[in-house]
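Trainee: 3D model of this:
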Amino acid sequence: MAVATSLAAAALVAALLSWRPSSMVSVVLALLCVLLAMIAGVAATDVRQRREEGRSGADSEPAQWPGRPASGGVDADTLEALDSRDALRAVEERRRASGLSDR
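Mentor: Residues are numbered from 1 along each chain as shown. Here you go, the predicted model:
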């Protein structure tokens, strides 16, 4: 896909340089050329990342997301959504009992 979109973008650049339309068509062709170049870049990056993942080994487990609490704690958005004093108190007691502190 990266090769095809690269060739299409190059063909559009050649058409713009040789034809030189002076209307809305030139703007549309230029935007289409930029879009095709972006698609080619993303496709090439995807192929490169897949190749690197294949080299690193498919047997390894995926890394944990660093923003996810390891202890199953409650994040600020959840606390805000709960908006209940009893729920907040229960979360604070659980944190104190497990030894976690956000301070």
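Trainee: Need the single longest helix in the protein, by residues.
Mentor: helix 24-56 (DSSP state H).
Trainee: buried set for that helix?
Mentor: 29, 33, 36-37, 39-40, 43 (16 or more other CB atoms under 10 Å). (Each C-beta comes from the backbone N, C-alpha and C, glycine too.)
Trainee: which among those gets closest to residue 6?
Mentor: residue 40 (4.4 Å; CB to CB).
Trainee: hang on, isn't the closest one packed against residue 12?
Mentor: No. Proximity of residue 40 to residue 12 does not meet the contact threshold set by CB atoms under 8 Å, at 11.7 Å.
Trainee: still on that earlier bit, save the buried residues of helix 24-56 as CSV, and put in pLDDT and distance to residue 22 too.
Mentor: Formatted as CSV, the buried residues of helix 24-56 follow (pLDDT from 0 to 100; distance: CB to CB, whole Å):
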residue, pLDDT, distance to residue 22
29, 90, 12
33, 93, 17
36, 93, 22
37, 93, 23
39, 94, 27
40, 93, 27
43, 92, 32
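Trainee: Now do the domain split for the protein, please.
Mentor: Segmentation of the chain into domains, based on automatic domain parsing, reads 2-54, 74-103.
Trainee: what is the rounded mean pLDDT of the shortest one?
Mentor: Domain 74-103 shows a mean pLDDT of 71 in the predicted model.
Trainee: just to revisit the earlier point, identify, from the buried residues of helix 24-56, the entry nearest to residue 49.
Mentor: Checking these one by one against residue 49 (CB to CB), the nearest turns out to be residue 43, at 11.0 Å.
Trainee: Report the contact partners of the closest one.
Mentor: Residue 43 is in contact with 1-2, 5, counting by CB atoms under 8 Å, 6 or more residues apart in numbering.
Trainee: Narrow those to those in strands?
Mentor: In strands, judged by DSSP state E, none of those are found.
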